[in-house]
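**Student:** My questions concern the predicted model and sequence given below.
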Amino acid sequence: MLIFKIKNYIQGAIRIINILYIVIAYFIVTKMSKFKFTRRLIPKRFKHNDTVLSSYERLRMLIEKLGPTFIKFGQILADRPDLIADNIREELKKLQSTVKPFDHIIAFQLIEKELGGPINDHFKVIEPECLGSASIGQVYKAVLRSGEHVVIKIQRPDILNKIKIDIRILKYIAEKLKNEFPELQAVDLSAMVDEFGVALIEELNYINEAANTIRFSELFKDNPNCKIPKVFNKYTTSKLLILEYVEGIVIYNKYQVKQAGLDPEIIAENGIKIFMKMILEHGFFHADPHAGNILVQRDNTIALIDFGMVGTLKPKQINLLISFMLGIADKNAKQVADSLISMAEIKLFKEMEDLEFRIQHVLDKYISIDYKDMKMSQVANECLQLLVKFQIKLPANIFLLLKTLTTIEKLGYELNPEIPLVDYIKPYTKELLLKRFSLKKIAREGFYLLKKYLNVVQNLPQDITEILHNVKEGKLIHDIQLGNEDKIFSALKNSAKTLSSSFLTGLMLIGSSILIAFNKGSLFVDILFVLSAINALWLMIKARTYIKKKV
């Protein structure tokens with residue numbers, strides 16, 4: 001046990017020394033680039049045509065040298081226009097994960113350890129070379145004893161310990177970078193590192209990925225155009241994941257798609273419908289839909305793989321997203337601004353007029369373009385960048401969603417340039433509105449509201465008794481001095497009458513609605529519903545007239 005602890009300490013120390021060496025070299029080059037004499041001494045790898053690379057280019061090189069954990073963090077920052085300046089983001093988008101596979105013998109030993117026995121007891125065949133290597137694990141193709149073709153994902157050795165060390169160092173670097181790049185002063189990079197660390201460690205647990213895959217397969221089990229791989233739970237552990245092997249053509253390879261006799265237009269339509277269903281219906285979506293994770297099978301079926309990174313949306317966020325995107329399609333700046341402020345959960349925004357004006361300026365650039373020809377993600381990104389100027393921060397899942405939408409729109413346009421994203425949003429809008437304002441839902445909400453009011457009425461005597469007791473005991477003293485008592489009491493009397501009338505009308509309207517909704521209506525109930533509706537309309541007109549007079 002002590003030997004393993006010493007081994008971990010030694011590995012940690014080596015990693016820290018390695019990272020410090022890379023970081024110190026970067027800062028030395030930064031200092032040298034400030035003086036004309038020392039610039040000549042800078043190594044060639046930091047130059048292009050004898051000109052020293054910019055600080056942003058050197059930052060990207062630094063991150064690539066630091067390895068997978070840092071690259072992943074940089075890629076996340078590249079998709080956050082609310083946190084990172086455009087010039088840094090553009091450079092971070094160039095980050096590439098180049099991860100060499102670890103030793104295959106070690107990989108097979110780890111697989112056997114997780115299986116609790118020899119590989120041959122469970123697999124007929126396992127290919128000696130890996131299909132792919134990522135920052136977290138390695139993938140092999142195999143055949144189970146039952147004859148099923150599968151892929152094996154095995155986690156890299158000691159990856160958890162390495163990531164924990166990287167996260168600590170990343171937090172230290174985040175503090176240093178604030179001084180190097182003034183654009184990062186307004187960003188709480190340390191908090192972002194903490195959030196990233198939690199998400200990355202969660203991704204390390206393959207049980208989470210298995211659960212995500214199973215959930216997606218349940219959501220799309222009745223959709224013939226979507227294929228989700230089967231999970232073999234019998235073998236799944238936190239470090240080992242066995243999935244059904246899924247064959248297909250990479251979706252962006254239009255030439256191969258046509259050669260296989262498939263239809264790019266139908267594929268694009270199927271892909272967008274699948275992702276719209278994920279996002280707008282279920283609020284649970286694949287958050288890493290790059291080319292390698294979307295395959296095309298026969299009959300233009302879309303196969304999705306790798307559910308290690310997923311995003312979730314609250315029902316309210318789904319509604320606001322639809323409102324936001326339809327606002328862009330209709331070039332309605334007010335609707336777009338309202339949706340963004342609601343997404344940010346800001347109750348009162350004093351600069352709303354200015355925000356609407358700036359959003360309108362963005363939308364006016366596309367005034368002559370029909371919504372079918374608009375790049376929705378491009379316009380959305382421009383609107384979101386405005387939030388930086390107003391120091392408005394949206395939840396992280398909204399930016400994860402924007403990244404997904406951008407990828408899917410790109411996918412759609414590459415396969416079928418005529419495909420409009422908005423056309424696939426509108427059906428969901430209609431469906432959501434029908435659900436929201438259905439008689440059954442109104443009746444259900446009315447029933448809960450009625451229960452709430454009845455609960456207030458039921459507790460009223462006790463509440464009044466408690467207030468009177470506190471008054472008598474001297475615990476509640478409220479001195480009110482008023483002028484023009486007659487006018488005030490007259491106004492209070494009228495308000496009480498209106499309030500009681502509104503309350504009774506509301507109860508009659510809700511009660512009759514419930515009876516009608518549950519098919520327990522009669523002529524009397526129908527008359528009650530009509531009369532209460534007319535009375536409610538009269539009270540609204542009366543209230544509006546009163547407000548106009550006062551204003």
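**Tutor:** Cool, got the structure.
**Student:** neighbours of Gly67, just the number please.
**Tutor:** Applying other Cβ atoms under 10 Å, we find 19 residues neighbouring Gly67. (C-beta placed from N, C-alpha, C; glycine too.)
**Student:** For it, list the residues it contacts.
**Tutor:** Ser135, Asp166 (Cβ atoms under 8 Å, 6 or more residues apart in numbering).
**Student:** separation between it and Ala13?
**Tutor:** Relative to Ala13, Gly67 is positioned 16 Å away (Cβ to Cβ, to the nearest Å).
**Student:** Val99 too?
**Tutor:** Between Val99 and Ala13 the computed distance is 23 Å (Cβ to Cβ).
**Student:** Show me which of those two is the more surrounded one.
**Tutor:** Neighbour totals were compared for Val99 and Ala13, and Val99 leads with 16 against 11 (other Cβ under 10 Å).
**Student:** What pLDDT does the model give that one?
**Tutor:** On pLDDT, Val99 comes in at 70.
**Student:** Disregarding residues adjacent in the polypeptide, which is nearest to Gly283?
**Tutor:** Spatial nearest neighbour of Gly283, excluding adjacent residues (Cβ to Cβ, 6 or more residues apart in numbering): Leu313 at 3.8 Å.
**Student:** Wait, that neighbour touches Ala287, no?
**Tutor:** No - the criterion here is Cβ atoms under 8 Å, and Leu313 misses it with Ala287 at 11.0 Å.
**Student:** intersection of neighbour lists for those two?
**Tutor:** Leu401.
**Student:** Looking at these two, which has the bigger crowd around it?
**Tutor:** Neighbour totals were compared for Leu313 and Ala287, and Leu313 leads with 22 against 19 (other Cβ under 10 Å).
**Student:** check contacts around the more buried one.
**Tutor:** Ile279, Gly283, Phe284, Phe285, Leu321, Asn397, Leu401.
**Student:** Show me these that map onto strands.
**Tutor:** Among these, the ones falling in strands (DSSP state E) are Phe284, Phe285.
**Student:** between the contacts of Leu313, which is closest to Gln391?
**Tutor:** Here the nearest of these to Gln391, counting by Cβ to Cβ, is Asn397; it sits at 19.7 Å.
**Student:** Enumerate every residue touching the closest one.
**Tutor:** Residues near Asn397 by Cβ under 8 Å, 6+ apart: Gly311, Thr312, Leu313, Gln317.
**Student:** For this protein, name the helix or strand with the lowest mean pLDDT.
**Tutor:** One helix or strand of the chain scores below all others by mean pLDDT, DSSP states H and E: helix 485-517, with a mean of 57.
**Student:** Show me what the mean pLDDT comes to for stretch 350-358.
**Tutor:** Per-residue pLDDT over stretch 350-358 has a mean of 92.
**Student:** Could I get the buried residue list for it?
**Tutor:** By 16 or more other Cβ atoms under 10 Å, the buried positions in stretch 350-358 come out as Leu355, Glu356, Arg358.
**Student:** for stretch 320-331, same thing?
**Tutor:** Neighbour-count burial for stretch 320-331, counted by 16+ other Cβ under 10 Å, picks out Leu320, Leu321, Ile322, Ser323, Phe324, Met325, Leu326, Gly327, Ile328, Ala329, Lys331.
**Student:** wait, doesn't the fifth one sit right on Met376?
**Tutor:** Just to be clear, that refers to Phe324. No - contact criterion Cβ under 8 Å: Phe324 and Met376 do not qualify, at 10.1 Å.
**Student:** Show the pLDDT at Glu431.
**Tutor:** 67.
**Student:** Find the residue ranges of the stretch 1-150 of the chain scoring beneath the pLDDT cut-off.
**Tutor:** Segments of the stretch 1-150 of the chain classed as low confidence (criterion: pLDDT under 70) are 1-5, 7-9, 11-12, 48, 50, 81-83, 96-98.
**Student:** So which residues of it form helices?
**Tutor:** With DSSP state H, counting those that start in this stretch as the definition, the stretch 1-150 of the chain shows helices at residue ranges 2-32, 36-39, 55-66, 68-78, 86-92, 104-115.
**Student:** Figure out which of those helices is closest to Glu265.
**Tutor:** Glu265 sits nearest to helix 68-78 of all those, at 31.0 Å, using Cβ to Cβ.
**Student:** And the contacts of the closest one?
**Tutor:** So helix 68-78 is contacted by 60, 63-64, 83-84, 88-89, 92-93, 95-97, 99, 134-136, 162-163, 166-167, 170, 192-193, 196, 200 (Cβ under 8 Å, 6+ apart).
**Student:** Got a ChimeraX select line for the buried ones in those?
**Tutor:** Per 16+ other Cβ under 10 Å, the buried members of the contacts of helix 68-78 correspond to this ChimeraX selection:
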select :60,63,64,83,84,88,89,92,95,99,134,135,136,162,163,166,167,170,192,193,196,200
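**Student:** No further queries at this time; thank you.
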